[in-house]
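Undergrad: Structure here, sequence nowhere to be found:
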């Protein structure tokens, strides 16, 4: 099992047990976590699952690849150095992830 900690723009934290292999976005949508829309279902064709990865999470998962980097230019809230699309962050067994959602996705 993996743990995913979602911090909303207002500071509310939601902690979810995730399944290894699933994405941070899939885990959020399945569990009704506010702040992640996932409009394209994880096909990397929108930017409605934008998150800011905490330093320890960013160190674990690394930065975006070229296609994700391009998609991050279309986020509703300005991207930051630690921006990722949560559909591209796959959970690994035994790991803990911390992400913050922006104020809006659309």
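TA: Yep, that arrived. This is a predicted model, so every value here is computed, not measured.
Undergrad: Could I get the pLDDT score of the residue lying closest to residue 103 once chain neighbours are set aside?
TA: In space, and not counting its chain neighbours, residue 103 is closest to residue 9: 4.4 Å by Cβ to Cβ, 6 or more residues apart in numbering. Every C-beta, even on glycine, is put in place using the N, C-alpha and C of the backbone. In this model, residue 9 is scored at 94, pLDDT.
Undergrad: now swap in the one 10 residues further on and tell me
TA: At residue 19, the pLDDT value in this model is 98.
Undergrad: Make sure it is actually in contact with residue 1.
TA: Yes. Counting by Cβ atoms under 8 Å, residue 19 touches residue 1, with 7.3 Å between them.
Undergrad: and the residue at minimal distance from the centre of the chain, what does it touch?
TA: Nearest residue to the geometric centre of the chain (Cα atoms, centre = their mean): residue 86, 2.6 Å. Residue 86 makes contact with 23, 24, 25, 28, 36, 38, 49, 50, 51, 99, according to Cβ atoms under 8 Å, 6 or more residues apart in numbering.
Undergrad: same thing with residue 61?
TA: Shown in contact with residue 61 (Cβ under 8 Å, 6+ apart): 53, 84, 89, 97.
Undergrad: Which of those has the largest number of neighbours?
TA: Neighbour counts for the contacts of residue 61 (other Cβ atoms under 10 Å) peak at residue 89, which has 27 neighbours.
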